[in-house]
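Q: Got a predicted structure here, sequence first:
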There are 2 protein chains.
Amino acid sequence: MTQPSTTEIPPPEGLERLLGSPLVTEIEFLTARARALGSAKANALLAPLDLKIRSYAVLSLACSGAAPSQRELAEFLLLDPSQIVALVDGLEQRGLVKRETDPQDRRSKVIKGTAKGRRLLAQAAAATQQAEDQAMGNLSPTERAQLRDLLRRIAF
Amino acid sequence: MTQPSTTEIPPPEGLERLLGSPLVTEIEFLTARARALGSAKANALLAPLDLKIRSYAVLSLACSGAAPSQRELAEFLLLDPSQIVALVDGLEQRGLVKRETDPQDRRSKVIKGTAKGRRLLAQAAAATQQAEDQAMGNLSPTERAQLRDLLRRIAF
DNA sequence: CCGAATAGTTGAAAATGTCAATAGTTCTAT
DNA sequence: ATAGAACTATTGACATTTTCAACTATTCGG
C-alpha cells in the first residue's frame, strides 16, 4: 500500500524537498557544498598527474614567479606551516619545485618551480580548467566572471 | 620588470604579491578559501552552543519540517552515511533531535527536531547569520543575493 | 650583546574522510 | 510466494587532514 506507487512520478533525486530549507539560503552552506563538489571533480582530474588540489596550488604559486616563502604559502592557502612542509617535501622529491634559503632572511625558504614543475603545471592547469568548466557548466561567461569577483571579495 | 621595489615598502600583509597569481582566478581556489574563512568564523560563533557547522546543518534540516532520512542527509550534505550516524547520535543524546523509523519504509529513519532542538536552532541560526554578515561585510545586499543565486547553481 | 620574536621542521593527538562488512528491510522477478 | 538483488542504517578499521606543542636556527629590538 504505497501511496505514490501507481501513477506518481518518482522524484529523480528526491532531495527537492530539502531545497526549500532555510539552510539553502546560507552562503556558508552553499560555499561548502560547491567546494565539496568542485574539489572532488578537480582531484579526480588531477589524479593522473599525481597531484591533489593542495599540491597543485603550491605548485602553481611556486611557478607563478612570486617566489613565495613557506610562511606566505601557509597564510595564503590557510594551511598550517607544517602542512606546507609536507606538501613542499612531496613536490621537491619529485623535482617539481626547489627550496632556496632567502639571502635576505636565512630563516625563510623561498619556493620556486623547476622546468619540470612548470611542464607539469601546464597539464595540471588544463585539468583544473576542465574541472571548472564542468562545475560551472550552468553559468554563462558573464556569470562566471561575476561569481569570480564576488568570491574574490569574500575570500580575502 | 616585475620589481616595483623603488623603496622598501613593507606590505601590511605581504601577500599582495600572490594576488596576481593565476591561481586566484580559479573558482575552485576562491571557493575553498571563502569556505575556510567562513566556516572558521561560523564554528567560532557556534562553539558557545556546542555546535559545529556540521551538527548545525543537521539540526537545521531536522527542524525544517522536511523530516529527512539519514540517507537524504548524507546525500544533501555530501557526507558518508556513517558520519550522519555520528552527528545524529550526538544531537539525539542531547535531546535536540529524534529518530523515527519511517512507517513507509522501516529501513529508513526520519530525523525530526524536538522543541528543545528548535529553541537551540533559533540561537544557532542567529549565530550563523552573524557569521555571514561578517564574512560578507564587503558586499551590498544585491551582491549578496547575486552570490547566493550563483552559488546555488553550481552547488546543485 | 641578550632576550623576544619568527621561519621552518618534527612529531603526536584529535578530527574527518573513506571504505568494507553486517543486520534488517524492501523490491524484483520469477 | 519466495529467492535473490538492492537499499538503510550501523559498526569498525584505516587513511588523510587538522591542530598543536615543542625545537633549532635565525633575525630583530633595545
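A: Received it, and whenever you're ready, just let me know what you need.
Q: Relative to the whole chain's centre, how far out is the lowest-mean-pLDDT helix or strand in chain A?
A: The helix or strand of chain A with the lowest confidence, counting by mean pLDDT, DSSP states H and E, is helix A:16-19 at a mean of 92. Its chain's average C-alpha position is 27 Å from that of helix A:16-19, according to CA atoms, centre = their mean, to the nearest Å.
Q: I'd like the distance between the residue most central in space within chain A and DNA strand C.
A: Geometric centre of chain A, nearest residue: A:Ile53, 4.9 Å, by CA atoms, centre = their mean. Here the criterion is CB to the nearest atom of the strand, to the nearest Å. By it, A:Ile53 lies 12 Å from DNA strand C. C-betas here are computed from N, CA, C, even on glycine.
Q: Quick check, that residue in contact with A:Asn43.
A: Yes - judged on CB atoms under 8 Å, A:Ile53 makes contact with A:Asn43 at a distance of 5.8 Å.
Q: Can you show me the strands along chain A?
A: Taking DSSP state E as the test, the strands found in chain A are A:97-101, A:109-113.
Q: how about stretch A:53-66: buried residues?
A: For stretch A:53-66, the neighbour count (16 or more other CB atoms under 10 Å in any protein chain shown) marks A:53-64, A:66 as buried.
Q: what does that stretch contact?
A: Residues from elsewhere that reach stretch A:53-66 (CB atoms under 8 Å, 6 or more residues apart in numbering or on different chains): A:39, A:42-43, A:46, A:51, A:68, A:73, A:76-77, A:79, A:83-84, A:87-88, A:90-91, A:96-97, A:111-113, A:117-118, A:120-121, A:124-125, A:128, B:2, B:17-18, B:20-23, B:28-29, B:32.
Q: how distant is it from the center of its chain?
A: The answer for stretch A:53-66 is 11 Å, by CA atoms, centre = their mean.
Q: picking that back up, and the residue nearest to the centre of chain A, how far is that from DNA strand D?
A: 8 Å.
Q: A:Leu150 too?
A: Taken as CB to the nearest atom of the strand, the span from A:Leu150 to DNA strand D is 23 Å.
Q: Look up how far B:Arg33 lies from the residue lying closest to that residue once chain neighbours are set aside.
A: Excluding its sequence neighbours, the residue lying closest to A:Leu150 (CB to CB, 6 or more residues apart in numbering or on different chains) is B:Leu147, at 4.4 Å. Separation of B:Leu147 from B:Arg33 (CB to CB, to the nearest Å): 14 Å.
Q: do A:Leu49 as well
A: 22 Å.
Q: if I pick A:Val85, what's in contact with it?
A: Residues near A:Val85 by CB under 8 Å, 6+ apart: A:Gln70.
Q: can we see that at 10 Å?
A: Counting by CB atoms under 10 Å, 6 or more residues apart in numbering or on different chains, A:Val85 makes contact with A:70, A:74, A:109.
Q: Go through these and say which is closest to A:Glu143.
A: A:Ala74 (32.5 Å; CB to CB).
Q: hang on, isn't that closest one packed against A:Ala86?
A: No - look at A:Ala74 against A:Ala86 with CB atoms under 10 Å: they stay out of range, at 11.5 Å.
Q: who's more crowded, the two?
A: Per other CB atoms under 10 Å in any protein chain shown, whichever of A:Ala74 and A:Ala86 has more neighbours is A:Ala74, with 18 against 13.
Q: so what's the residue nearest to A:Leu150 up against?
A: Per CB under 10 Å, 6+ apart, neighbours of B:Leu147: A:27, A:30-31, A:146-147, A:149-151, A:153-154, B:34, B:136, B:139.
Q: which two in those residues are spaced the farthest apart?
A: It's A:Leu30 and A:Asp149 that sit farthest apart of these, by CB to CB, at 16.7 Å.
Q: neighbours of the nearest residue to A:Lys41 once chain neighbours are set aside, just the number please.
A: Excluding the flanking residues, the one nearest A:Lys41 by CB to CB, 6+ apart is A:Ala131, at 4.6 Å. Counted with other CB under 10 Å, the neighbours of A:Ala131 add up to 23.
Q: For A:Ala131, give its distance to A:Ala47.
A: In terms of CB to CB, A:Ala131 sits 11 Å off from A:Ala47.
Q: Close to DNA strand C: what parts of chain A are there?
A: A:2, A:40, A:69-72, A:74, A:81-82, A:84-85, A:88-89, A:99, A:105, A:107-109 (CB under 7 Å from any atom of the strand).
Q: Right, I'll leave it there.
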